[in-house]
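Trainee: Provided below are the primary sequence and the corresponding predicted coordinates.
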Amino acid sequence: MIRFEQVAKVYPDGTTAVDGLSFEVAKGELVTLVGPSGCGKTTTMMMVNRLIEPTSGRILIDGEDISSVDPVKLRRRIGYVIQQVGLFPHRTVLDNTATVPALIGWKKSRARARAAELLDLVGLDPGTYGPRYPAQLSGGQRQRVGVARALAADPPVLLMDEPFGAVDPVVRERLQNEFLNLQATVRKTVLLVTHDIEEAVRMGDRIAVYGQGRIEQFDTPAAVLGTPATPYVARFVGADRGLKRLSVTAIEEDDLEQPPLARLDESVRTAALRLRSEGARWAVVVGTDGELHGWVSAEALALAGERGTVGDLARRMEAWVPLGAPLKQAFSEMLQHDAGWVAVVDGSRFAGVLTPAKLHEALRRSVDADERGVSRDEVEFDSVSDV
Ligand SMILES: Nc1ncnc2c1ncn2[C@@H]1O[C@H](COP(=O)(O)OP(=O)(O)OP(=O)(O)O)[C@@H](O)[C@H]1O
């Protein structure tokens, strides 16, 4: 979709911003460009919409050399989101969002209807926020308007330069997640510039790690964290890359432990006897179709006497995550609920629990799989509890 072929940019004062750039971004892929200040990320991005012209090499979009495309026409196919949003202060949020559709000649009513739809999509109620002016919004809301505006004319390509840089870390994480959800539906081809490796890892399908003016590694987040291509990349991703890896390693069925179970409609008596004979202190409570309901302690069952069903005593499950969610989410649920384990569901079906030991094992397996270039289920480890 976007292809760089041996692209270099030397500024008139002789500064080589980038050199020998060759990479490809597939249709619908989100690639993050990450690296320290001044390494050439923004230059790379601005060559795509021809705000900067390369000194040598070619850039192609959909096979077409962009140097032969009229820059104005080119930019209509490319949404652009920047950190300082750049909203027009004297235009309402709705009109700001409708800027590009209006520019390309849509009727005012159609452009505004589209703008309202987009505001809704980025989580801003068009009735409430549409008539406001940019100064009447929070930083995070302005950033959302920036994204809505960039998407308004439905461009196939989106360039985002530090799009979440101007907001505090909590809002940033929320905006990142919202954007990922949005991207799952709109599937734009995205280049996103950031200097934050965490953001690059969280957002990117693939990451281009920049050294000075060149790409040191272009790979998936897991590979960049697991097997840095050069000492420079290893230093850049940091010594805590195991920790960062938590956010890119998905929970798999094999990582789970199967705890004692009790059925919702089971009698207290049989459940109590069974748990006692298994020496279990608690059980996960599931419904008739195996759906997760909650948990029950062996003590509560023992004290309840002979009558009633498990359902009468079951407590709600506070900590649970879906299968496929990152290990980091499970870890954060455990911390948040001060729990020693977290339930994992597949749809509504209870799939098992993740314990700290299993979490650690999953992480080690994933690092090892990358180092050996095999898939994770081909790696065997003794679990901590076996040692
Ligand atoms: N117009 C210009 N004239 C001369 N040098 C420039 C110009 N624009 C950028 N540079 C230089 O080119 C190099 C790459 O700049 P670029 O803005 O692409 O880096 P960056 O990785 O995006 O940095 P940052 O994260 O700080 O925005 C830097 O050394 C910068 O000083």
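Mentor: Now that the structure is in, tell me what you want to look at.

Trainee: so what's the one residue in the stretch 201-350 of the chain that gets nearest to the ligand up against?
Mentor: Nearest residue of the stretch 201-350 of the chain to the ligand: Y210, at 6.5 Å (Cβ to the nearest ligand atom). Using the backbone N, CA and C atoms, a C-beta is placed for each residue, glycine as well. Neighbour list for Y210: L33, V34, G35, P36, C39, G40, K41, E216 [criterion: Cβ atoms under 8 Å, 6 or more residues apart in numbering].

Trainee: out of these, who's near the ligand?
Mentor: Of the residues in those, proximity to the ligand by Cβ under 6 Å from any ligand atom holds for G35, C39, G40, K41.

Trainee: coming back round to it: out of everything not next to it in sequence, what's closest to the residue of the stretch 201-350 of the chain closest to the ligand?
Mentor: G35 (3.0 Å; Cβ to Cβ, 6 or more residues apart in numbering).

Trainee: Check what pLDDT that neighbour gets.
Mentor: Here, the pLDDT recorded for G35 equals 91.

Trainee: Next, give phi and psi for it.
Mentor: Backbone geometry at G35, expressed as degrees, to the nearest 10, gives phi 170, psi 170.

Trainee: ok, so what distance separates the residue of the stretch 201-350 of the chain closest to the ligand from R187?
Mentor: 25 Å (Cβ to Cβ, to the nearest Å).

Trainee: P134 now?
Mentor: 28 Å.

Trainee: ok, residues contacting stretch 69-77?
Mentor: Outside stretch 69-77, the residues that reach it (Cβ under 8 Å, 6+ apart) are N49, R50, I61, I66, V100, L103, I104, A153, P155, P156, V157.

Trainee: R114 against A152, yeah?
Mentor: Yes: taking Cβ atoms under 8 Å as the definition, R114 is a contact partner of A152 at 5.9 Å.

Trainee: any residues in contact with both of these two?
Mentor: In contact with both R114 and A152: A98, P101, using Cβ under 8 Å, 6+ apart.

Trainee: Looking at these two, which has the bigger crowd around it?
Mentor: Between R114 and A152, counted using other Cβ atoms under 10 Å, A152 has the larger neighbour count: 25 against 21.

Trainee: how about the residues of this protein that lie near the ligand?
Mentor: Going by Cβ under 6 Å from any ligand atom, the residues of the chain near the ligand are 11, 13, 15, 17, 35, 37-43, 195.

Trainee: Out of the residues you listed, give me the two with the largest separation.
Mentor: Maximum pairwise distance in the residues of the chain next to the ligand, criterion Cβ to Cβ, is 23.0 Å, between D13 and H195.

Trainee: Just want the residue of the stretch 51-200 of the chain that's nearest the ligand.
Mentor: Counting by Cβ to the nearest ligand atom, the stretch 51-200 of the chain gets nearest the ligand through H195, at 5.1 Å.

Trainee: sorry, back to before: could the residues of the chain next to the ligand go into TSV alongside neighbour count and secondary structure?
Mentor: Converted to TSV, the residues of the chain next to the ligand look like this (neighbours: other Cβ atoms under 10 Å; DSSP: H, G, I helix; E, B strand; the rest coil):
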residue	neighbour count	secondary structure
Y11	11	coil
D13	5	coil
T15	12	coil
A17	22	strand
G35	26	coil
S37	7	coil
G38	14	coil
C39	22	coil
G40	23	coil
K41	25	helix
T42	19	helix
T43	22	helix
H195	17	coil
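
Trainee: which among those residues gets closest to A222?
Mentor: G35 (18.9 Å).

Trainee: which among the contacts of stretch 69-77 end up buried?
Mentor: N49, R50, I61, I66, V100, A153, P155, P156, V157 (16 or more other Cβ atoms under 10 Å).

Trainee: quick one: the first one from G294, how far?
Mentor: According to Cβ to Cβ, N49 and G294 sit 53 Å apart.

Trainee: ok so, going back, from the ones next to the ligand among the contacts of Y210, which is closest to R307?
Mentor: The closest of the ones next to the ligand among the contacts of Y210, once distances to R307 are taken by Cβ to Cβ, is G35, at 66.5 Å.

Trainee: Isn't that closest one up against T42?
Mentor: No: using Cβ under 8 Å, G35 is not in contact with T42, being 10.5 Å away.

Trainee: Next, count neighbours for T92.
Mentor: For T92, the count of nearby residues is 19 (other Cβ under 10 Å).

Trainee: Can you pull the phi/psi pair for it?
Mentor: The phi/psi pair for T92 (degrees, to the nearest 10) is phi -70, psi 170.

Trainee: Tell me, how many residues neighbour the residue lying closest to it once chain neighbours are set aside?
Mentor: Among residues not flanking T92 along the chain, P131 sits closest, at 5.4 Å (Cβ to Cβ, 6+ apart). Neighbours of P131 under the rule other Cβ under 10 Å: 12.

Trainee: what's R172 in contact with, if anything?
Mentor: Contacts of R172 (Cβ under 8 Å, 6+ apart): F164, G165, E199.

Trainee: Return the residues in contact with the first one.
Mentor: Pointing back at F164 there. Q143, V171, R172, L175, Q176, F179, E199 are the contacts of F164 under Cβ under 8 Å, 6+ apart.

Trainee: Out of those, flag the one nearest to A250.
Mentor: Q176 (17.5 Å).

Trainee: tell me the contacts of that closest one?
Mentor: Counted by Cβ under 8 Å, 6+ apart, Q176 has contacts F164, E199, R202, M203.

Trainee: I'd like the distance between the first one and V248.
Mentor: Computed with Cβ to Cβ, the distance linking F164 and V248 is 18 Å.

Trainee: which residues touch stretch 293-300?
Mentor: Under Cβ under 8 Å, 6+ apart, the answer for stretch 293-300 is 262, 264, 271-272, 275-276, 280-287, 310-311, 313-317, 343.

Trainee: and the nearest residue to V34 once chain neighbours are set aside, how many residues sit next to it?
Mentor: Sequence neighbours aside, A200 is the residue nearest to V34 in space, at 3.8 Å (criterion: Cβ to Cβ, 6+ apart). A200 has 26 neighbouring residues, counting by other Cβ under 10 Å.
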